[in-house]
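1. how would this look folded up:
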Amino acid sequence: MRPSTARAMPRTYSIVAVIVLAVLIGFGRAASFEFVSWDDDLHFVENPHLNPVSAAGLVELWTQPYERIYTPVPYTLWAGVAMLASVLDDEPAAAGRHPGWMHALNLIVHTANTWLVFVILRSLLVARIRGPDRVPAPNDSGASTGSKLEGDSAALDWAACAGALLFGLHPLQVEAVAWASGLRDLSYAAFGLGALASHLGQAQRAAFAARAGDTTSRTANPIPILSTICFAVAVFAKPNAVALPFVAVALDRLVIGRPWRDALVSIAPWIPPALLCTFITSSVQLVGDAKPAPLFVRPFLAADAVAFYLGKLVAPVSLGIDYGRSLERVAQNPGILISGLVPAALAAVLWWRRREWPAAGVAFAVFVLGLLPALGLMTFRFQLLSTVADRYAYVAMLGPAFGFACALAARPGPVATGLGATLVAVLCGLTVVQTEAWASSEALYRNTLRANPESVIANHGVGDALLAAEDYDGAVAHYQAALAVIPRFPRALNKVGWARLQQGRSDEALPYLVAAAREFMALGDRPGAAMAHSNMGQLWLDRGVPERAGAEYQRAIDLDAGRAWDHVQLGGIRLAQGLRNPAVRHFRAALALDPDNEGAKESLAVALAGGDVQAVETPSQP
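-> Numbers count the residues shown, from 1 in each chain. Coordinates of the predicted model:
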């Protein structure tokens, strides 16, 4: 082992410790959080392939999209963690039962990603600050030169560490880390950053060899196996990974300095996985009601999104899960012509001063390229709510991290170190505060309302919390706020109707329930429509019109055969009408669906004994 390498090992351990400690300080509280109702229920609690975990379920996740989204890698990781948790906690291997484990997995992956960013930045700083021509030969052991290089090495290590901490602790990263479902972004980043680290290491070795006169360096390893495997896994973790080849080429050419041809040829093996992912995504990805923007508008949408992310990068406050920047609203806003000038002007200045500020230009380019799949050039479902989201910037933060590391490495000294440490500390404090927003569903939605009072997601979520607390007027106020933005939002319509039903205001409830059933059917959501018809059945029971109630419960059963509740209700109505055999059939159908249903058991016993039973008085659930 060379003396300089031996001296660097304790420093490496120190940097690892700093990264681990920083992530724990910034995000550690998330390990104690429960699942939130924003998508966690879909991916963990209600996912039949992970509750319980089984080989058949994993095969299904790898061969078929789940909820019209094909991201099998994070589901596989969740399955593995659920199996481990089941052994250690002596509980069933079901993802929905282990929120703490899922959050811990996020922390581990984010820590690994932060370390990978350090590795990448350290490699790039060597290429940019010292340059291949200044790297000593392996047999160069001069004492003064070694001392100088050792000093340079220490400065570069800590500059790269500072850049990695900016990546790991910026509040924009909180959504991906503190949200259990955020593993989709973390996992594609883990494999993507691994691919970048491997690719850039190989590119740097090839550049060194070429400058040393080795003409065979270009073809020494034509198939970069490790980086290609990592990239292939990344694209099946989340399709956004298709941006990584652009980032790799930019860093290869602009920092390492290889010719464009060599940079492009080296990532050629990444193209087949990217094309396959693009084909699968375009075939199964759910776009929903999001209408594609005209082609000439899309560059302006992209520029507006970049301006938004730049603003949050500089001032990471008022963060939330829904900024209300829907595709329709942004596309129809003339202001995008002005906001789009911000990144355009910045790009022009950086190009003009590219010789004086080369690192700034590279940082900006990597930031934009990392955001590329989510800038609005292609249509995706979330654009119905917002064209931007914090999690989309996760990998893109490699760009600012590079710029920060270069700035510190270029001006080493106590002033730069103090300013850098202060910035990292401030970001860490903001991240600690922002992480608390994910402590519960209600906390998440209320935090989002502070950033966007018109948020449909947040108003609906707070309404649910108030509904559970039986604050019906408060819940209705939030549902109405959601309906002011999306008047045909069926879940909000249904819940307003149900809340008014609990208040005995059936005249107000009925039009909302009718509208909810209609809108659910327009979306092809038969279970949702069944829920609305079930609530209308309860309404007619409350009004003393069992014939109308029976018709509504029957309609609910026709739409969703798995509703044990409605079989019990309809059985009670039929028994009260003297139709004992149909009543018995409904009670038995309810028990076949839910063997532990006490209402069905009691009602069936009464029916078989020849007695009478009233329809259950407990109201349906919205």
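
2. tell me which element residue 509 falls in.
-> Taking DSSP states H and E as the criterion, residue 509 maps to helix 506-522.

3. same question for residue 59.
-> helix 55-63.

4. what packs against the next helix or strand after that helix?
-> Note on helix 55-63: by DSSP H and E, the next helix or strand toward the C-terminus is helix 72-89. Secondary-structure packing of helix 72-89 (3 or more Cβ pairs under 8 Å, 6 or more residues apart in numbering; DSSP states H and E): helix 55-63, helix 99-125, helix 183-211, helix 225-237. Any C-beta I mention is one placed from the backbone N, CA and C, and that applies to glycine too.

5. list the buried ones in the helix or strand containing residue 569?
-> Assigned by DSSP H and E, residue 569 belongs to helix 564-576. By 16 or more other Cβ atoms under 10 Å, the buried positions in helix 564-576 come out as 564, 565, 566, 567, 568, 569, 570, 571, 572, 573, 574, 575.

6. what does stretch 504-522 give?
-> 506, 509, 510, 512, 513, 515, 516, 517, 519, 520, 521.

7. can I get the residues you listed in a markdown table with pLDDT and distance to residue 169?
-> Shown next, in a markdown table, are those (pLDDT from 0 to 100; distance: Cβ to Cβ, whole Å):
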| residue | pLDDT | distance to residue 169 |
| --- | --- | --- |
| 506 | 93 | 53 |
| 509 | 96 | 49 |
| 510 | 96 | 52 |
| 512 | 97 | 45 |
| 513 | 97 | 48 |
| 515 | 97 | 46 |
| 516 | 97 | 44 |
| 517 | 96 | 48 |
| 519 | 95 | 43 |
| 520 | 94 | 43 |
| 521 | 95 | 47 |
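
8. closest to residue 71 among the residues you listed?
-> Using Cβ to Cβ, residue 520 is the member of the buried residues of stretch 504-522 that lies nearest residue 71, at 26.6 Å.

9. would you agree the closest one is in contact with residue 488?
-> No - at 10.2 Å, residue 520 does not count as touching residue 488 under the criterion of Cβ atoms under 8 Å.

10. show me what contacts the closest residue in space to residue 162 that isn't next to it in sequence?
-> Distances taken as Cβ to Cβ, 6 or more residues apart in numbering put residue 420 closest to residue 162, at 4.9 Å, once the chain neighbours are dropped. Residues counted as contacts of residue 420 (Cβ atoms under 8 Å, 6 or more residues apart in numbering) are 162, 404, 408.

11. distance of residue 420 relative to residue 124?
-> According to Cβ to Cβ, to the nearest Å, residue 420 and residue 124 sit 17 Å apart.

12. over to residue 599?
-> For residue 599, the distance to residue 124 equals 66 Å [Cβ to Cβ].

13. more crowded one of those two?
-> residue 124 (26 against 20; other Cβ atoms under 10 Å).

14. is it true that that one touches residue 403?
-> No - between residue 124 and residue 403 there is no contact under Cβ under 8 Å: 10.9 Å.

15. measure the residue most central in space within the chain to residue 39 for me?
-> When Cα atoms, centre = their mean is applied to the chain, the residue found nearest the centroid is residue 182 (3.9 Å). As judged by Cβ to Cβ, residue 182 and residue 39 stand 9 Å apart.

16. same question for residue 266.
-> 37 Å.

17. neighbour count winner among those two?
-> Taking neighbours as other Cβ under 10 Å, residue 266 and residue 39 compare with residue 266 leading, 24 against 16.

18. what sits closest to that one if chain neighbours are left out?
-> Per Cβ to Cβ, 6+ apart, closest to residue 266 is residue 203, 6.2 Å.

19. same check on residue 86?
-> residue 93 (3.8 Å).

20. my guess is the one you found is in a helix, correct?
-> No - using DSSP: H, G, I helix; E, B strand; the rest coil, the assignment for residue 93 is coil, not a helix.

21. for it, give me its contacts.
-> Contacts of residue 93 (Cβ under 8 Å, 6+ apart): 52, 53, 82, 83, 85, 86.

22. shouldn't the fifth one be in contact with residue 91?
-> The reference is to residue 85. Yes - at 7.0 Å, residue 85 counts as touching residue 91 under the criterion of Cβ under 8 Å.

23. so which of these two has more stuff around it?
-> residue 85 (22 against 12).

24. and that one, what pLDDT?
-> The confidence metric pLDDT takes the value 89 at residue 85.

25. what of the one 3 residues further on?
-> In the prediction, the pLDDT value recorded for residue 88 is 82.

26. could you give the number of residues near residue 473?
-> As a measure of burial, residue 473 has 10 neighbours, counting by other Cβ under 10 Å.

27. show me where the stretch 501-622 of the chain has helices.
-> Assigned by DSSP state H, counting those that start in this stretch, the stretch 501-622 of the chain shows helices spanning 506-522, 526-542, 546-559, 564-576, 580-593, 598-609.

28. got these as TSV, with distance to residue 467 columns?
-> Output for those, formatted as TSV (distance: least, Cβ to Cβ, whole Å):
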stretch	distance to residue 467
helix 506-522	13
helix 526-542	13
helix 546-559	20
helix 564-576	18
helix 580-593	25
helix 598-609	22
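
29. what angle do the helix holding residue 569 and helix 598-609 make?
-> Put simply, helix 564-576 runs at 30 degrees to helix 598-609, going by axes from the mean of the first three to the mean of the last three Cα atoms, to 10 degrees.
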